[in-house]
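[1] Got a sequence here, can you build the structure:
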Amino acid sequence: MKCINKKKRKPMTAKQKAIYQKKLKRTGILGGILVLVLLAGILVLVLFSRWRTVDGPLPYDRSVRTFGTSAEEDLLVESGIGGGLCVGADHTSLEGVTPGEGELGGLFDISRKSVPYSQGLHEQTSPGELTKLMTALVASEQLDAEAAVTVEESDVIWGGGSFACGLSTGDTISVRQLLNAVLVSSSEDACLALARTAGGSQEGFAALMNQKAQELGMTNTVYTNATGAQDENQVTTVYDTYLLFHALLEHADLINSMGLSSCTLSYTAADGDSRQKWLDTKDSYVSGSVSVPKGVTVLGGKYSSSQTSNYGAMLAQNQYGDVYAAVVFQAGNQSSMYERLSQMLQKINP
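    Next up is the predicted model:
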């Protein structure tokens, strides 16, 4: 066997040892600085994330089928809002929001429970189309979404001048589909069918609506019908409208339906044939006919414009997941109504 004679490494001189120790010390210092920088970066990211995410909004996937309808949008819906209510003065000005004479309105920061803008919060006015939001809320709580409803003659809407999905006597349709028709296209025949089924009669359902209003603290609201038909005894306020939205936020399925740009209504006709109807939203912000400020997502709402009555109310969310309700009543005209709502939406992104 051949032996290999390994050459021994020469011992370092004092000068080499000093250089080597200096390098080790420098490497240790640089390593320590790098670790501190990394830890500081992680701490900054954590603090920034917590600051940006108020109350931890949860992603709500609107691509799933809701009320039998597919939607392409992805929205955020605030989680756990029921812990408190927005509180503010009856009149609070906000730079950039310029109400017209006699106009009522309010901007409610639901995430922070504050009222950045208000004008006549508790002054009574007709709820009109906004009545249908309470109709949907009460019906969804009283009825099984999969239950079948047979349309009666009293539910059918005749003639023009009203929103209707075109149901006929003897048609059979699910509660889920009727709710969709109410929230997407404001269908009055769907309102009537839900009210009769849940309350036994239109009067009985109005009593349920008033009972729910009292439970929610809507002390200045009175309902006499489910469709929002003009009645001097049917009244609400800006603040009570906010309270209604606050309650709706606990029903993700209803919020999802409110924000659909369209839906397909499926039902069985009186002759036994399966039929479908295409319904478009009446929400100008959701449909895109009225532009939304950058970074703002409209979750849905109700609006009405005529020569004598212009009003609207909506739920919206900014890019950080903070949820707001914007309400305006008694605007001078349609242009003023949308201008005021858009002014409020401009204010919800920090």
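[2] Give the helix, strand or coil label for residue 342.
    Using DSSP: H, G, I helix; E, B strand; the rest coil as the criterion, the local structure at residue 342 reads helix.
[3] Which residues are in contact with it?
    290-291, 293 (Cβ atoms under 8 Å, 6 or more residues apart in numbering). Backbone N, C-alpha and C define where each C-beta goes, glycine included.
[4] before we move on, what about residue 319?
    By Cβ under 8 Å, 6+ apart, residue 319 lies in contact with 295-296, 349.
[5] Which of those residues are buried, as a PyMOL select command?
    To isolate the buried members of the contacts of residue 319 in PyMOL, using 16 or more other Cβ atoms under 10 Å:
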select buried, resi 296
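[6] Take the contacts of residue 342 and, keeping just the buried ones, write it as a ChimeraX select command.
    Here is the ChimeraX command that selects the buried residues among the contacts of residue 342 (16+ other Cβ under 10 Å):
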select :293
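[7] So which residues of the stretch 51-200 of the chain form helices?
    For the stretch 51-200 of the chain, the helices defined by DSSP state H, counting those that start in this stretch occupy 131-142, 175-185, 188-199.
[8] Let's have those helices in CSV, adding mean pLDDT.
    Shown next, in CSV, are the helices of the stretch 51-200 of the chain (pLDDT from 0 to 100):
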stretch, mean pLDDT
helix 131-142, 98
helix 175-185, 97
helix 188-199, 97
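[9] Would you mind giving the contacts of residue 342 as a markdown table with distance to residue 257, pLDDT and secondary structure added?
    Converted to a markdown table, the contacts of residue 342 look like this (distance: Cβ to Cβ, whole Å; pLDDT from 0 to 100; DSSP: H, G, I helix; E, B strand; the rest coil):
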| residue | distance to residue 257 | pLDDT | secondary structure |
| --- | --- | --- | --- |
| 290 | 20 | 92 | coil |
| 291 | 23 | 92 | coil |
| 293 | 24 | 92 | coil |
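[10] Centroid-nearest residue for this structure?
    For the chain, the residue nearest the mean C-alpha position is residue 299 (3.5 Å; Cα atoms, centre = their mean).
[11] For it, give me its contacts.
    When contacts are counted by Cβ under 8 Å, 6+ apart, residue 299 is found next to 75, 77, 255, 258-259, 314-317, 323.
[12] Give me the nearest residue to it, chain neighbours excluded.
    residue 315 (4.1 Å; Cβ to Cβ, 6 or more residues apart in numbering).
[13] Name the SS class of that neighbour, please.
    Going by three-state DSSP: residue 315 is strand.
[14] State the number of residues packed around it.
    Counted with other Cβ atoms under 10 Å, residues neighbouring residue 315 total 25.
[15] With the one 10 residues further on instead?
    With neighbours defined by other Cβ under 10 Å, the count for residue 325 comes to 27.
[16] Surely it is within a helix?
    No - according to three-state DSSP, the state of residue 325 is strand, so it is not within a helix.
[17] That one and residue 110 touch, don't they?
    Yes - contact status for residue 325 versus residue 110: in contact at 6.2 Å, counting by Cβ atoms under 8 Å.
[18] who touches both of those two?
    Shared contacts of residue 325 and residue 110, defined by Cβ under 8 Å, 6+ apart, comprise 245-246.
[19] helix/strand/coil for the residue nearest to the centre of the chain?
    The assignment at residue 299 comes out as strand when based on three-state DSSP.
[20] ditto for the one 4 residues further on
    Using three-state DSSP, the structure places residue 303 in strand.
[21] give the contact list for residue 244.
    For residue 244, the contact set (Cβ under 8 Å, 6+ apart) comprises 130, 133-134, 137, 213, 216, 218.
[22] between these, which is nearest residue 145?
    Nearest to residue 145, judged by Cβ to Cβ, of the contacts of residue 244 is residue 137 at 13.2 Å.
[23] For residue 248, see how far away the closest one is.
    6 Å (Cβ to Cβ, to the nearest Å).
[24] who touches both of the two?
    With Cβ under 8 Å, 6+ apart, residue 137 and residue 248 have common neighbours residue 254.
[25] How many residues are close by residue 123?
    Neighbours of residue 123 (other Cβ under 10 Å): 16.
[26] was I right about it contacting residue 104?
    Yes - Residue 123 lies in contact with residue 104 (Cβ under 8 Å); the separation is 5.7 Å.
[27] Please, where are all the strands along the stretch 51-200 of the chain?
    Remark: strands assigned in the stretch 51-200 of the chain by DSSP state E, counting those that start in this stretch are 58-60, 75-77, 91-92, 104-109, 114-119, 148-150, 172-174.
[28] Right, I'll call it a day here.
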